[in-house]
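Asker: pasting a predicted model and its sequence here:
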Amino acid sequence: GSNCDRDLAEAIRIATGTELVIWGGEGFTTDVCTLLDEGVSRCGDQARNDGAAFDPVTDTWRMLPPAPLSEDLGSWPTYRGAWTGEELVVWGGPDAAGAAYDPEADTWRPIANGPLGPRTHFAMALVAGEHPEVVVAGGAAGSEGRPSVEVAAYDPADRAGRAPPVWTLKCLSSQVPKCL
């Protein structure tokens, strides 16, 4: 028989002020393998690309609409997220792509492609200031999982009608010569 349990380990969790939003994570653990396109099998932990929101006032859950992102195919989730105060920005996955979720409108929108390739074990956070940015740093990049010191920042300013969304490649100060 098959054993299937939802596991929220590695899920992105943010509080909007009115809801708790949970997206992604390790998902299901199963002893059944799934054959995907081109002979790729997916077994064991199944990374997720779905989510839900909890309203503590009404004590109810609602599913989020599907995100415009590819499903993680490996056993280690490769998406991370950051809350901007208006949107949950999610980036990573097998395509190194991102999307922003607006909980008030209950909609996703794709974000601009960034300068970094796919990776695992990276950090993502909002860096506050006059022009807040969502920063992606480090991780294990490439199919061989080599350590990366690359840092990129996404400016989500387009929601306020300012500049279009833009990514900039930044570097850790000790690695600047290697990044230029």
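Answerer: Noted; the coordinates are in hand. Here the structure is a predicted model, which is why all the values come from computation and not from measurement.
Asker: going forward, measure contacts and count neighbours with C-alpha atoms only.
Answerer: Will do.
Asker: where in this structure is pLDDT low?
Answerer: Scanning the chain for pLDDT under 70 picks out the ranges 1-9, 26-48, 73-77, 143, 158-165, 171-180.
Asker: helix, strand, or coil at residue 18?
Answerer: State at residue 18, reduced to three classes by DSSP: H, G, I helix; E, B strand; the rest coil: coil.
Asker: phi, psi for it please.
Answerer: Summarising the backbone geometry of residue 18 under the convention degrees, to the nearest 10, its torsions are phi -120, psi -20.
Asker: do residue 141 as well
Answerer: For residue 141, the backbone dihedrals are phi -110, psi 160 (criterion: degrees, to the nearest 10).
Asker: what of residue 91?
Answerer: Comment: the main-chain dihedrals of residue 91 come out as phi -140, psi 150, following degrees, to the nearest 10.
Asker: what residues does it make contact with?
Answerer: 79-81, 97-99 (C-alpha atoms under 8 Å, 6 or more residues apart in numbering).
Asker: so how far is residue 106 from it?
Answerer: In this view, residue 91 and residue 106 are 18 Å apart by C-alpha to C-alpha, to the nearest Å.
Asker: of the contacts of residue 91, closest to residue 53?
Answerer: Closest approach between the contacts of residue 91 and residue 53, by C-alpha to C-alpha: residue 81, at 14.9 Å.
Asker: beta-bridge partners for that closest one, please?
Answerer: Beta bridges link residue 81 to residue 90, judged by DSSP bridges.
Asker: so what's it up against?
Answerer: 12, 88-91, 124-125.
Asker: and with 10 Å instead?
Answerer: The neighbourhood of residue 81, defined by C-alpha atoms under 10 Å, 6 or more residues apart in numbering, consists of 11-14, 23-24, 87-92, 98-100, 123-126, 134-136.
Asker: now do residue 53
Answerer: Each residue near residue 53 by C-alpha under 10 Å, 6+ apart is listed here: 13-16, 18-23, 60-64, 103.
Asker: the same query, at a cut-off of 7 Å, please.
Answerer: When contacts are counted by C-alpha atoms under 7 Å, 6 or more residues apart in numbering, residue 53 is found next to 19-22, 61-64.
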